[in-house]
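Engineer: what follows is a predicted protein model with its sequence.
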Amino acid sequence: MEVITSFTIDHSVLKPGIYVSREDEGFITFDLRITEPNKEPWVDPTAMHTLEHLMATWFRNRETVKEDVVYVGPMGCMTGMYVIMKTSALHPQWTAQQMRELTIECLQWIVQQQEVPATTPETCGNCLYHNLPLAHYWASLYCDRLCNDFHSEYTKLEVILDNGMRFQDA
């Protein structure tokens, strides 16, 4: 069985930032890492759910990028978000720096919001599972980190499977 690429990232040294997680034919997956894994608290799930609604709304309505947004959603470990972008004639290649600029603009917008879009039983699968004040906190913290201490290069691990197969990407 192949090792999933994201499991070869050394999470013990991973800092909050924006990383290119995957590059596939016509698609780029960004890792928007909000917290430092295993060292800082993870984002509360209610705040992460709110961030997901707000970020997805912002990215899918941002005129210059909305046609390229494929997915905006949380990581299972609750330490960040994934944003998947497709490449296009207008944007043949997305970079971590471009995503940084977009994300800072998005986070600045989030901290100004007084309501969360799509939080009715008809529009959300868990409409009571939101926390806007806590989402404001995490958006503000992450924005500050992206503005003042930007990280965008992964540190990779060598992974050895039970059968002795080795995977390394340094």
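Structural biologist: Arrived safely. Numbering: from 1, shown residues only.
Engineer: please count neighbours and contacts with C-alpha atoms only from this point.
Structural biologist: Will do.
Engineer: quick one, helices of the protein?
Structural biologist: Using DSSP state H, the helices found in the chain span residues 45-61, 96-110, 132-148.
Engineer: quick check: which of the ones you listed is buried the most?
Structural biologist: helix 45-61 (a mean of 21; mean count of other CA atoms under 10 Å).
Engineer: now do that helix against helix 96-110, angle only.
Structural biologist: 110 degrees (axes from the mean of the first three to the mean of the last three CA atoms, to 10 degrees).
Engineer: helix 45-61: how far from the chain's middle?
Structural biologist: Taking CA atoms, centre = their mean, to the nearest Å, one finds the center of helix 45-61 at 10 Å from the center of the full chain.
Engineer: tilt between that helix and helix 132-148?
Structural biologist: Using the same axes, to 10 degrees: helix 45-61 against helix 132-148 is 60 degrees.
Engineer: okay, the most centrally placed residue in the chain and residue 140: tell me how far apart.
Structural biologist: The residue lying closest to the centre of the chain (CA atoms, centre = their mean) is residue 81, at 2.5 Å. Counting by CA to CA, to the nearest Å, the separation of residue 81 from residue 140 is 15 Å.
Engineer: try residue 90
Structural biologist: Taking CA to CA as the measure, residue 90 falls 30 Å from residue 140.
Engineer: who's the residue nearest to the centre of the chain bridged to?
Structural biologist: Residue 81 has the following beta-bridge partners by DSSP bridges: residue 32, residue 74.
Engineer: got any ranges where this protein has weak pLDDT?
Structural biologist: By pLDDT under 70, the weakly predicted segments of the chain are 1, 158-161, 165-170.
Engineer: 90 instead, please
Structural biologist: The model of the chain has pLDDT under 90 over residues 1-8, 88-93, 155-170.
Engineer: residue contacts, the residue nearest to the centre of the chain?
Structural biologist: By CA atoms under 8 Å, 6 or more residues apart in numbering, residue 81 lies in contact with 31-34, 52, 72-75.
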